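[1] what shape does this take:
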Amino acid sequence: MANYYSDRNISFDLLIKDKSKRIKFNPTTKGGSVYVTTEKEEIEAIESSFYFKKWFVRTDNPAPSNTSKIKDKTKPDDTEKPDKLTETVVDTVTSWQEAADYLVNECGSDPSALTTPEAILAAAKEKHVEFPNIG
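    Purely as a prediction, here's the structure:
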């Protein structure tokens, strides 16, 4: 998976295997925009484009601005099933929009699927992410 970040909201056409594709970066609530892809041909085309390193950069493991409040946790009690996956708790997220942005930027979720609080919660559960401070 490749994550790309720009300090502005951008979109551009890109030729991938002799076909034109519109690359649309998704705006974030704190400014800038991001684009995530897993397609090898698309990654190669993006990184050989004129815009790469001029308008945006690759950030494979983007970290939120305050990583000190993000921690991995597993429940410490012995009653938990041993195959329980590690859950990421994100204390810094306080709104549904921030939660959606986190899921898009950090987990590669599809932003068009995160349009309601219920959809955001379902995606967070699927990605094993918890947002305890959403009010």
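[2] and the residue positioned nearest the centre of the chain, helix, strand or coil?
    The residue lying closest to the centre of the chain (Cα atoms, centre = their mean) is N105, at 1.7 Å. In three-state terms, and counting by DSSP: H, G, I helix; E, B strand; the rest coil, N105 is helix.
[3] could I get the full set of helices for the chain?
    40-47, 96-107, 117-126 (DSSP state H).
[4] check contacts around A45.
    Residues counted as contacts of A45 (Cβ atoms under 8 Å, 6 or more residues apart in numbering) are 14-16. Bear in mind the C-beta positions are built from the backbone N, C-alpha and C, glycine included.
[5] same check on N26?
    33-35, 104, 111 are the contacts of N26 under Cβ under 8 Å, 6+ apart.
[6] tell me the spacing between it and K40.
    21 Å (Cβ to Cβ, to the nearest Å).
[7] just the buried ones from the contacts of A45?
    L14 (16 or more other Cβ atoms under 10 Å).
[8] just the contacts of A45: which are in strands?
    14-16 (DSSP state E).
[9] these into a markdown table, with extra columns for pLDDT and distance to T92?
    A markdown table is the format used below for the ones in strands among the contacts of A45 (pLDDT from 0 to 100; distance: Cβ to Cβ, whole Å):
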| residue | pLDDT | distance to T92 |
| --- | --- | --- |
| L14 | 91 | 33 |
| L15 | 91 | 39 |
| I16 | 89 | 35 |
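[10] rewinding a little: turn the contacts of N26 into CSV, columns for pLDDT and neighbour count.
    CSV is the format used below for the contacts of N26 (pLDDT from 0 to 100; neighbours: other Cβ atoms under 10 Å):
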residue, pLDDT, neighbour count
S33, 89, 19
V34, 91, 20
Y35, 91, 21
V104, 86, 22
P111, 84, 16
